[in-house]
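**Q** fold the stuff below for me.
(one chain, ligands or ions: 3)
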Amino acid sequence: MSPSTSPRFFTEREVARHSTTDSCWVLLGSRVYDVTAFLRMHPGGEALIRSRAGKDVSREIEGPPHRHSENARSWMEQYYIGELDRESGTDEAQTLRERRKVGEQTEGKAAKKPTKEKVDEDDKNSPYSRCRPVDLDKDLVDWTKPLAWQVGHLGEKYDAWVHQPVDRPIRLFGNAFLEAGTKTSWYWVPVVWLPLVFYLSWYCYTTMAKGTSRIDVTSDLSIPIHKYMFPMFFLMGWFLWTFIEYCIHRFVFHMKPPAHNYYLITLHFLLHGQHHKSPFDGSRLVFPPGLASLVVGTFYIFLLSTLPEILGVSVFVGGLCGYVVYDMIHYYLHYGSPKRGTYLYSLKAYHVKHHFEHQKTGFGITTTFWDHPFNTVIPDEKF
Ligand code: HEM
Ligand SMILES: [Zn+2]
Ligand SMILES: [Zn+2]
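**A** Ligands and ions are numbered 1, 2, ... in the order given. Alright, predicted model coming up:
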């Protein structure tokens with residue numbers, strides 16, 4: 001909603017009443033926001049916003065504990081619902097006021113509402129004047145049409161546009177079947193891949209348990225593989241996955257497409273750009289199994305061509321399990337509300353900062369480990 005449209009007015013009491021998980025409003029000065037839809041997604045935790053429900057959060061947005069990014073402020077504008085009417089303290093006064101407005105309108109006089117000039121004046125005096133409202137009419141793309149074939153035309157404006165997140169679902173393709181093919185519910189990932197993880201783990205363990213598996217180090221030296229070595233190979237595969245996770249996110253998903261290359265921009269948008277544009281579009285948060293099988297298949301072929309069979313399969317299954325955990329954790333970081341102080345809380349805060357503020361750093365999702373050697377750790381906040 002743009003601040004230039006005539007806003008609705010709310011009394012202080014009315015705003016204060018919306019202080020539950022089902023309906024949570026906050027204020028920035030005299031501007032009223034319904035942030036209910038954002039509560040669970042908030043990286044600082046649901047409780048922090050809920051404890052300030054019905055109140056002015058200007059100080060908290062500036063921090064400490066956290067100075068919110070430009071994108072976080074623009075994001076908040078999407079939840080703007082109206083203005084606080086400080087003069088009319090009670091609901092009765094509000095009702096009277098509404099009646100007076102209707103009366104004025106029927107008498108042909110101008111209704112008592114803030115004019116555009118008045119609102120702009122207020123905005124100028126507010127510390128949030130730099131908040132850029134999400135104006136869907138003025139956006140660089142036409143949201144009423146599929147986006148896949150539009151974004152390539154944005155050229156050099158694409159990079160800035162794609163990194164300004166919005167809270168709305170994306171339609172990629174006009175064709176309903178094609179569109180459906182790009183969406184995946186989170187549960188398909190464990191449904192498709194976990195049976196394979198269990199089967200291959202059982203296969204590796206029972207094969208090793210026969211006691212006949214050996215690794216030929218040289219033509220003279222051959223080491224027997226004990227069944228209890230399986231967990232070690234499995235964990236090696238998982239660790240290898242965390243490296244692949246980092247590399248795919250950093251070097252494939254965050255490749256910077258050349259501004260004049262329509263096709264590479266489109267490819268970037270389909271692979272990862274759409275997730276940055278609409279980070280909470282739940283239908284596109286996990287890899288479709290068809291696409292994932294390309295990566296999984298390549299990983300399998302690579303391991304089996306470089307390692308002895310049983311060792312390769314053991315490492316592969318650990319990596320596959322790491323991938324399933326990655327996709328589930330990524331989904332949870334966007335939709336879950338982990339407790340403050342937990343590992344998942346720190347991962348969520350880290351990942352949402354990657355989305356909102358530090359798009360060129362913070363590529364680790366299930367672990368920040370690989371950000372250290374590659375020097376892409378999101379710096380700690382300083383006040
Ligand atoms: C009500 C509207 C709010 C919105 C839309 C919002 C949005 C966000 C976003 C997008 C981030 C990720 C980092 C960034 O982009 O700045 C964030 C982080 C954070 N927010 Fe908010 N926030 C809101 C209110 C609050 C309030 C009232 C508090 C209370 C103190 C708060 C505390 C934090 C903290 C502590 C973090 C960082 C989490 C961490 O690094 O541990 N936020 N918020
Ligand atoms: Zn990313
Ligand atoms: Zn994400």
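
**Q** hey, let's count contacts and neighbours off CA atoms from now on
**A** Fine.

**Q** would stretch 35-52 count as contacting ligand 1?
**A** Yes. Contact of stretch 35-52 with ligand 1 (CA under 6 Å from any ligand atom) involves His42, Pro43, Gly44, Leu48, Ile49, Arg52.

**Q** and that stretch, which residues are buried?
**A** 35-36, 38-47, 49-50, 52 (16 or more other CA atoms under 10 Å).

**Q** swap in stretch 332-341?
**A** Buried residues in stretch 332-341, counted by 16+ other CA under 10 Å: Tyr332, Leu333, His334, Tyr335, Gly336, Ser337, Pro338.

**Q** run the contact check for stretch 263-278 versus ligand 1.
**A** No. Applying CA under 6 Å from any ligand atom, one finds stretch 263-278 separated from ligand 1 by no less than 12.5 Å.

**Q** contacting residues around the residue of the stretch 201-350 of the chain found nearest ligand 1?
**A** For the stretch 201-350 of the chain and ligand 1, the shortest gap (CA to the nearest ligand atom) falls at Ala349, measuring 4.7 Å. By CA atoms under 8 Å, 6 or more residues apart in numbering, the contact set of Ala349 is Pro43, Gly44.

**Q** also Lys339?
**A** Lys339 neighbours (CA under 8 Å, 6+ apart): Gly45, Tyr345.

**Q** which pLDDT value goes with it?
**A** Here the pLDDT value assigned to Lys339 is 91.

**Q** state the distance from it to Met255.
**A** Distance, Lys339 to Met255, by CA to CA, to the nearest Å: 33 Å.

**Q** now whichever residue of the stretch 151-300 of the chain sits closest to ligand 1: how far from Tyr158?
**A** Going by CA to the nearest ligand atom, ligand 1 is nearest to Pro165 of the stretch 151-300 of the chain, at 9.5 Å. Here the criterion is CA to CA. By it, Pro165 lies 13 Å from Tyr158.

**Q** could you pull out the strands for the chain?
**A** 8-10, 25-28, 31-34, 80-84, 214-216, 222-224 (DSSP state E).

**Q** direction included, what does the fourth one pair up with?
**A** Looking back up the chat, that one is strand 80-84. If you go by DSSP bridges, strand 80-84 pairs up with strand 8-10 (parallel), strand 31-34 (antiparallel).

**Q** averaged pLDDT, the longest one. What do you get?
**A** For strand 31-34, mean pLDDT rounds to 95.

**Q** pull the CA atoms of that strand into PDB?
**A** The C-alpha trace of strand 31-34 is given here as PDB (Å, rounded to 0.1, in the frame of the first residue of the first chain):
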ATOM      1  CA  ARG A  31       2.200   4.800  11.000                       C
ATOM      2  CA  VAL A  32       0.400   1.600  11.700                       C
ATOM      3  CA  TYR A  33       1.600  -1.800  10.500                       C
ATOM      4  CA  ASP A  34      -0.100  -5.200  10.600                       C
END
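
**Q** contact partners of that strand?
**A** Outside strand 31-34, the residues that touch it by CA under 8 Å, 6+ apart are 15, 23-27, 76-77, 79-84.

**Q** those into a markdown table, with extra columns for pLDDT, distance to Trp370 and neighbour count?
**A** Below are the contacts of strand 31-34 laid out as a markdown table (pLDDT from 0 to 100; distance: CA to CA, whole Å; neighbours: other CA atoms under 10 Å):
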| residue | pLDDT | distance to Trp370 | neighbour count |
| --- | --- | --- | --- |
| Val15 | 93 | 45 | 21 |
| Ser23 | 94 | 40 | 15 |
| Cys24 | 96 | 38 | 24 |
| Trp25 | 96 | 39 | 27 |
| Val26 | 96 | 38 | 27 |
| Leu27 | 95 | 39 | 23 |
| Met76 | 94 | 32 | 21 |
| Glu77 | 92 | 35 | 23 |
| Tyr79 | 93 | 36 | 21 |
| Tyr80 | 93 | 39 | 22 |
| Ile81 | 93 | 42 | 20 |
| Gly82 | 93 | 45 | 20 |
| Glu83 | 93 | 46 | 23 |
| Leu84 | 90 | 47 | 23 |
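
**Q** quick check, nearest of those residues to His355?
**A** Nearest to His355 out of these is Met76 (CA to CA; 14.8 Å).

**Q** relative to Ala16, how far out is the closest one?
**A** Distance from Met76 to Ala16, counting by CA to CA: 18 Å.

**Q** please apply the same query to Asp85.
**A** Using CA to CA, we find Asp85 at a distance of 13 Å from Ala16.

**Q** over to His275?
**A** Going from His275 to Ala16 by CA to CA gives 34 Å.

**Q** how about Ala259?
**A** Applying CA to CA, the value for Ala259 to Ala16 is 48 Å.

**Q** cool, and Val317?
**A** Taken as CA to CA, the span from Val317 to Ala16 is 53 Å.

**Q** which of those two has more neighbours?
**A** Val317 (26 against 18; other CA atoms under 10 Å).

**Q** contacts only, for the residue lying closest to that one once chain neighbours are set aside.
**A** Nearest non-adjacent residue to Val317, counting by CA to CA, 6 or more residues apart in numbering: Val197, 5.7 Å away. When contacts are counted by CA under 8 Å, 6+ apart, Val197 touches Val317, Gly318, Leu320, Cys321.
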